[in-house]
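**Student:** coords please:
(one chain, ligands or ions: 2)
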Amino acid sequence: MTEPVLQVKNLKVYYYVEAGAVKAVDDVSFDLDFGVKMGLVGESGSGKSTMALALMRMIRPPGKIESGQMILDGMDLVKLSEEKMRQIRLRKLAMIPQGAMNALNPVMRIDRQLVDGMLDHGVVMSKEEREARVGQLLEMVDLAPKVAKMYPHELSGGMQQRVTVAQSISMEPDVIIADEPTSALDVVIQRQVMDTINRLQQRLGLSIILIGHDMGLMAQSVDRLAVMYAGKMMEIGETRAMFRSPLHPYTRLLIESLPVLENKGVFSGIPGITPSLLNPPEGCVFHTRCPKAWDLCREKIPEFAEVQPGRWVACHLHTA
Ligand SMILES: Nc1ncnc2c1ncn2[C@@H]1O[C@H](COP(=O)(O)OP(=O)(O)O)[C@@H](O)[C@H]1O
Ligand SMILES: [Mg+2]
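**Tutor:** Ligands and ions are numbered 1, 2, ... in the order given. As a prediction, the model looks like this:
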């Protein structure tokens, strides 16, 4: 086994609001291995976007990285200066944003937007080299060469999202974080953009963290799945193994609530509501909704432990 490309250790990210600290990411740890695509799933408000922004070191006040480590390529991103972090974004670690429309500059042609990041990083290119690189990037995301001279509004939502994918790979980073990259697009287009991302991963050997709330969609394209709930990591494992035998009751409920073909579109959901992250329940954060909870679950926070090789779970059923 090689060293992971990214290691997150005991990461805490809180937002300080008037009523107190919102524990959006609370003591989360995981590894991402080279060339692996990991899906990060969880209900809305579970801390997925906060996790992504923390990795990019883009948490803004009232948010703050409280403690923990994010080790990429031997460097702890938590400790890096803003200047050093600027050098690392795009070059080592890049993010595909959720809304392509907002991420692109409406008054700038696509070719400019594709090379801007490279120029920011001091890449020196002749006009010919620039054109060649733009052509190559467009080809990699399955866009026609003529897109280079177009403006964002001339492109469909799917094409715009492809441009942001091209931007994200322009400096050939090791790790790409995609926060619900296709959720604003219709299902057919989502599939196509996902296919492109999958092929790029193969071609460039990328490691990817793909964030989403649709576990079913996710399951079709990720090697590993990480399940978050109320700021905590609940379970991580190989996708098929997670579906075959979910260990955490929350993972099981998520899988069982997936719409199946026979009752198409009917999403049963999980009974109960997500807890307040200002004042999370004592013990296991999931105990208030967990069908298997007992006394211990109400008292003691379960340790996030590796219970089988590559399989991690935070549940007293498996670690007590
Ligand atoms: N800027 C902010 N200020 C205060 N609370 C925030 C802010 N951003 C996110 N949160 C809170 O942090 C928690 C996690 O949010 P988020 O990371 O967006 O979750 P997800 O992406 O899984 O939906 C939520 O309770 C949310 O309300
Ligand atoms: Mg989010």
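
**Student:** I'd say Ile44 and His213 touch.
**Tutor:** Slight slip there: residue 44 is Ser, not Ile. Yes: proximity of Ser44 to His213 meets the contact threshold set by CB atoms under 8 Å, at 6.3 Å. For every residue, glycine as well, the C-beta is placed using N, CA and C.

**Student:** Who are the contact partners of Lys92?
**Tutor:** By CB atoms under 8 Å, 6 or more residues apart in numbering, the contact list for Lys92 reads 72-73, 173-175.

**Student:** As TSV, the residues you listed with pLDDT would be great.
**Tutor:** Output for the contacts of Lys92, formatted as TSV (pLDDT from 0 to 100):
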residue	pLDDT
Leu72	97
Asp73	90
Pro173	97
Asp174	96
Val175	98
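
**Student:** Now, of the residues you listed, which are buried?
**Tutor:** 72, 173-175 (16 or more other CB atoms under 10 Å).

**Student:** which ones among the contacts of Lys92 come in contact with ligand 2?
**Tutor:** When CB under 5 Å from the ion is applied, no member of the contacts of Lys92 is adjacent to ligand 2.

**Student:** among those, which are in strands?
**Tutor:** 72, 175 (DSSP state E).

**Student:** now, which of the contacts of Lys92 sits nearest ligand 2?
**Tutor:** Of all these, Val175 has the smallest distance to ligand 2: 18.3 Å, by CB to the ion.

**Student:** Across the sheet, point out what pairs with the closest one.
**Tutor:** Beta-bridge partners recorded for Val175 (DSSP bridges): Leu93, Ser207.

**Student:** Please, which helix or strand holds Ala95?
**Tutor:** Actually, residue 95 is Met. It isn't Ala. strand 93-96 (DSSP states H and E).

**Student:** could you give the mean pLDDT of stretch 301-318?
**Tutor:** Averaging pLDDT along stretch 301-318 gives 97.

**Student:** ends of that stretch, how far apart?
**Tutor:** From its first residue to its last, stretch 301-318 covers 13 Å (CA to CA, to the nearest Å).

**Student:** contact partners of that stretch?
**Tutor:** Stretch 301-318 has contacts (CB under 8 Å, 6+ apart) with 27, 29-30, 224, 232-238, 241, 247-249, 283-284, 292, 294, 296-297, 300, 319-320.

**Student:** where along the stretch 201-320 of the chain do the helices fall?
**Tutor:** 215-219, 239-244, 249-256, 295-299, 316-319 (DSSP state H, counting those that start in this stretch).

**Student:** Then the stretch 51-200 of the chain?
**Tutor:** Listed from the start of the chain, the stretch 51-200 of the chain has helices (DSSP H, counting those that start in this stretch) covering 82-88, 100-103, 110-120, 127-140, 157-169, 187-204.

**Student:** quick revisit: which of Ser44 and His213 has more residues huddled nearby?
**Tutor:** Comparing Ser44 with His213 by other CB atoms under 10 Å, the one with more neighbours is His213, at 16 against 8.

**Student:** Gly45 is in contact with the more buried one, correct?
**Tutor:** No: between His213 and Gly45 no contact is recorded; they are 10.1 Å apart, counting by CB under 8 Å.

**Student:** still on that earlier bit, let me see the residues that make contact with the strand holding Met95.
**Tutor:** Contacts for strand 93-96 (CB under 8 Å, 6+ apart): 52, 55-56, 58, 72, 77, 161, 164-165, 167-169, 171, 173-179, 181, 197.

**Student:** go on, stretch 197-204?
**Tutor:** Stretch 197-204 has contacts (CB under 8 Å, 6+ apart) with 35, 37, 96, 140-141, 165, 169, 172, 178, 181, 206, 208, 210, 221.

**Student:** Please apply the same query to stretch 59-79.
**Tutor:** Counting by CB under 8 Å, 6+ apart, 5-17, 24, 27-28, 50, 53-55, 57, 85, 88, 92-93, 174-175 sit against stretch 59-79.
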